[in-house]
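Whatever this is, show me its structure:
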Amino acid sequence: MIHSVHDTYTLRSGGALPAVGYGVWDDTFAQDTYTQVRNALDVGYRHIDTAAFYRNEEAVGDAVRDSDVPREDIFITTKIWPTEFVRADEAFSDSMKKLHLDYVDMYMLHWPGVDEALMLNVWEKMIAWREEGRIRALGGSNLHEIHMNIIEQKTGVPVENDQIELHPWRQQRELAAWCKKHDILVTAWGPLFHGHLKEEPLLDEIGARYGVSAAQATLHWHVRHGNIIIPKSSKKERMISNLDILDFTLSDEDMALIDGLDGKGSFGFDAMTFDGNE
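Below you'll find the predicted structure:
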């Protein structure tokens with residue numbers, strides 16, 4: 001378990017991935033990403049997670065550039081969408097231009113797609129971009145064991161971080177355990193029930209026992225399980241409270257109650273069949 005929200009996990013390539021980050025996905029493609037990222041950096045976040053699909057890389061880049069936080073102190077992740085695999089060079093170049101960056105700390109396959117050859121071709125390109133210094137770490141999002149095995153077997157370069165849908169309703173225990181066994185860090189997307197936190201009264205009850213919010217109790221549960229988290233909030237006060245998750249300790253009984261919620265809901269696509277077309 002981390003002891004501070006500013007602790008980091010070590011990637012295979014040697015980089016330090018902050019245990020708590022700020023996610024900028026928004027299904028409304030909000031236009032205030034710039035302000036949100038500036039606020040997140042101001043209150044202490046040093047890990048920003050974006051993607052080309054989110055349509056806000058430019059706002060993220062502007063916020064990072066205008067921030068008083070040195071670039072080298074900020075871990076930035078972006079991703080390539082599977083329908084862009086056929087134009088990977090252009091897609092990567094577009095992301096870098098929009099972010100106004102010389103390098104990204106991690107570049108990810110957003111989904112594996114359904115064409116193994118295309119996926120591997122992009123991964124080979126990512127290896128080359130890392131050798132050029134344009135990428136520091138190589139990751140995947142929504143990858144299953146089969147995808148990560150194929151990548152390592154065919155390219156010799158393993159996935160360093162798998163970002164998966166992970167919250168109390170979908171805990172993906174087998175996949176998370178497999179990743180940790182193979183030195184692959186696990187990042188939870190949608191850690192607060194993917195926006196459905198209010199639909200789970202148990203977390204309100206547990207949070208009340210410790211004088212914290214349901215969100216704080218949920219995020220504490222995550223870090224106790226060793227998950228990297230990237231919660232999203234547009235409100236500065238909630239950004240702050242989402243960092244205040246280690247001044248209390250859930251009992252083993254309450255951890256078990258949250259563990260028992262597994263299987264109640266999922267909000268992502270099937271990674272084995274999703275080709276990127278919604």
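
now the helix or strand that Thr78 is a member of, how far from the centre of its chain.
According to DSSP states H and E, Thr78 maps onto strand 75-80. Centroid displacement of strand 75-80 relative to its chain, using C-alpha atoms, centre = their mean, to the nearest Å, is 9 Å.

same question, stretch 161-180
In terms of C-alpha atoms, centre = their mean, the centre of stretch 161-180 is found 12 Å from the chain centre.

now stretch 253-264
With C-alpha atoms, centre = their mean, you get 22 Å for stretch 253-264.

And it, what's buried?
Within stretch 253-264, the residues that count as buried by 16 or more other C-beta atoms under 10 Å are 254-255, 257-258, 261. No exception for glycine: its C-beta is placed from N, CA and C like everyone else's.

what residues does that stretch touch?
Contacting residues not belonging to stretch 253-264 are listed as 168-171, 173, 200, 202-203, 206, 209, 217-218, 221, 224, 250 [C-beta atoms under 8 Å, 6 or more residues apart in numbering].

Of these, select the buried ones using a ChimeraX command.
Buried subset of these, written as a ChimeraX selection, criterion 16+ other C-beta under 10 Å:
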select :168,169,170,171,200,203,206,217,218,221,224,250
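
Show me which of the contacts of stretch 253-264 is closest to Lys236.
The closest of the contacts of stretch 253-264 to Lys236 turns out to be Thr218 (C-beta to C-beta; 19.5 Å).

For that closest one, list the residues it contacts.
So Thr218 contacts 167-168, 191-193, 197, 203, 258 (C-beta under 8 Å, 6+ apart).

do Met1 as well
The contact partners of Met1, by C-beta under 8 Å, 6+ apart, come to 223-224, 226.

where do the helices sit along the stretch 51-200 of the chain?
Applying DSSP state H, counting those that start in this stretch to the stretch 51-200 of the chain gives helices spanning 57-66, 88-99, 116-131, 145-155, 173-181.

Make CSV out of those and add mean pLDDT.
As requested, these are exported to CSV (pLDDT from 0 to 100):
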stretch, mean pLDDT
helix 57-66, 96
helix 88-99, 98
helix 116-131, 98
helix 145-155, 98
helix 173-181, 98
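
Pick the most deeply packed of those.
Mean neighbours per residue, mean count of other C-beta atoms under 10 Å, is largest over those for helix 57-66, with a mean of 20.

between that helix and strand 75-80, how big is the angle?
For helix 57-66 against strand 75-80, the angle by axes from the mean of the first three to the mean of the last three C-alpha atoms, to 10 degrees is 160 degrees.

Which one of the buried residues of stretch 253-264 is nearest to Val64?
For the buried residues of stretch 253-264, the closest approach to Val64 (C-beta to C-beta) belongs to Ile258, at 34.0 Å.

Which helix or strand contains that closest one?
Per DSSP H and E: helix 252-259 holds Ile258.

relative orientation of that helix and helix 173-181 in degrees?
With the same axes, to 10 degrees defining the directions, helix 252-259 sits at 110 degrees from helix 173-181.

Give me the nearest residue to Ile230, chain neighbours excluded.
Gly23 (3.8 Å; C-beta to C-beta, 6 or more residues apart in numbering).

Same question for Arg224.
Excluding its sequence neighbours, the residue lying closest to Arg224 (C-beta to C-beta, 6+ apart) is Met1, at 5.5 Å.

And the one you found, how far from His222?
Look at Met1 and His222: by C-beta to C-beta, to the nearest Å, they are 10 Å apart.

cool, Ala177 as well?
Separation of Ala177 from His222 (C-beta to C-beta) stands at 15 Å.

quick one on the thing from earlier: which one of the contacts of Met1 sits closest to Ile184?
Nearest member of the contacts of Met1 to Ile184, counting by C-beta to C-beta, is Gly226, at 11.9 Å.
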